[in-house]
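K.L.:
From the sequence below, what's the structure:
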Amino acid sequence: MVESPNLDGVFHALSDPTRRAMLRELAAGERKIGDLAAPFAMSFAAASKHVKVLETAGLVRRRIEGRTHLCSLEARPLRDAESWMRFFESYWGERFDKLEALIDNGEV
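P.N.:
Below is the predicted model of the structure:
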């Protein structure tokens, strides 16, 4: 199982629905922070704070051109988080298989 050094930061970043929506928007391509803020009617400063959390988690890269802040998705940390969760997918799958066998045998 992959244990990314910033897995806690990734899950913290993903815990907020606004940040998840921003990531989904960035999956379509580079966006200005103002564009990321628009669907939420939030200020640039508020959106920038969300982007900072995503940056700290390694999920977003920000570049500045003049006064424009452009963001792009960095998907690698999502792959690491998925890998971590897949371990538990097999864990629960095995347990459900055992439960099904017990039910089929009339033991439960």
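K.L.:
Quick check, residue 14 in contact with residue 81.
P.N.:
Yes: at 7.3 Å, residue 14 and residue 81 qualify as touching, with contact defined as C-beta atoms under 8 Å. Glycine gets a C-beta too; all of them are placed from N, C-alpha and C.
K.L.:
For this protein, which segments count as strands?
P.N.:
For the chain, the strands defined by DSSP state E occupy 31-32, 60-65, 68-73.
K.L.:
just checking, what packs against the first one?
P.N.:
It refers to strand 31-32. Applying 3 or more C-beta pairs under 8 Å, 6 or more residues apart in numbering; DSSP states H and E, we find strand 31-32 packed against strand 68-73.
K.L.:
in the strand it packs on, what counts as buried?
P.N.:
Buried residues in strand 68-73, counting neighbours by 16 or more other C-beta atoms under 10 Å, are found at 69, 71, 73.
K.L.:
ok, the residue nearest the centre of the chain - contacts?
P.N.:
In the chain, the centroid-proximal residue (C-alpha atoms, centre = their mean) is residue 14; its distance is 4.1 Å. Residue 14 is in contact with 20, 23, 81, counting by C-beta atoms under 8 Å, 6 or more residues apart in numbering.
K.L.:
can you list the weak-confidence ranges in this structure?
P.N.:
Within the chain, the ranges that satisfy pLDDT under 70 run 1-5.
K.L.:
Mind naming the longest helix for it?
P.N.:
Counting residues, the longest helix in the chain under DSSP state H turns out to be helix 76-104.
K.L.:
and residue 33, how many neighbours?
P.N.:
The number of residues packed near residue 33 is 20, by other C-beta atoms under 10 Å.
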